[in-house]
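Participant: Let me see the structure of the following:
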Amino acid sequence: MPDPKALLLSALDALESTTFDYVIYGGLAAGIWGEPRYTDDVDVVIFLHERELPEFLRAAAAHGFSVDEDLAVQHVQVSGWARIPLGDRNSPWHVDLCLGDSPFDQSALARRKKIHLFERAAWVASAEDVILYKLVSGRPVDLVDISGIISRQSGLDEAYLRRWADWWELEGVKGIRSILEVKLSGA
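Facilitator: Okay, the predicted model is just below:
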């Protein structure tokens, strides 16, 4: 049965078997920069054109993921992301992937950090970019993750955070600048 380590290593195997750039940005990244917590997924932004998605999906299938190519492509087209389970289709262990197609994603790619996890190198979003991705998601667990990152990371680039929060506001994600300010103030 898969576990967090097997999931991450399988995800890295699939990602590294292609030429596509990627950045890990979800709960795993939040645990690196903030307070570690349980997560049963690896959230990945992958940098490819939608027509190239089947190439990555085939690589994922070759590394133990249960892939329905047509369904995954449809999910990306409709919702912007797809869930790819490791092992059995009903496995709780999965990769959530989205395509890196925004200016913000490009910025996160340029700022990513190489971190060693389970003795493997992995590209992880910077602390600031994890905060921003989590502000966009806005779930309660994301807000806790943001607080953990802010409390553990000194020297965050607050100008960068504010600039991209403003950009997301213009893109229609309302309220994240005010949430960011509350979090940065420690309230």
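
Participant: who's in contact with the residue most central in space within the chain?
Facilitator: By Cα atoms, centre = their mean, the chain has its centre lying nearest to Tyr25, at 2.7 Å. Neighbour list for Tyr25: Asp43, Val44, Val45, Ala108, Val124, Ala125, Asp129, Val130, Tyr133 [criterion: Cβ atoms under 8 Å, 6 or more residues apart in numbering]. C-beta here means a position set from N, CA and C on the backbone, and glycine is covered the same way.

Participant: Export these to a markdown table and append columns for distance to Ala165, neighbour count and pLDDT.
Facilitator: A markdown table is the format used below for these (distance: Cβ to Cβ, whole Å; neighbours: other Cβ atoms under 10 Å; pLDDT from 0 to 100):
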| residue | distance to Ala165 | neighbour count | pLDDT |
| --- | --- | --- | --- |
| Asp43 | 19 | 24 | 97 |
| Val44 | 22 | 27 | 98 |
| Val45 | 18 | 27 | 98 |
| Ala108 | 14 | 23 | 98 |
| Val124 | 20 | 21 | 98 |
| Ala125 | 15 | 28 | 98 |
| Asp129 | 12 | 27 | 98 |
| Val130 | 13 | 30 | 98 |
| Tyr133 | 12 | 26 | 98 |
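
Participant: Take these and keep only those in helices.
Facilitator: Of those, the ones assigned to helices by DSSP state H are Ala108, Asp129, Val130, Tyr133.

Participant: ok, so of those residues, who is nearest His49?
Facilitator: Nearest to His49 out of these is Ala108 (Cβ to Cβ; 17.8 Å).

Participant: how about the closest residue to that closest one other than its chain neighbours, what does it touch?
Facilitator: With sequence-adjacent residues excluded and distances taken as Cβ to Cβ, 6 or more residues apart in numbering, Ala108 is closest to Asp129, at 4.1 Å. The neighbourhood of Asp129, defined by Cβ under 8 Å, 6+ apart, consists of Val23, Tyr25, Ser107, Ala108, Arg111, Arg112.

Participant: how about 10 Å then?
Facilitator: Taking Cβ atoms under 10 Å, 6 or more residues apart in numbering, we find Asp129 in contact with 23, 25, 29, 33, 45, 104-105, 107-113, 160-161, 164.
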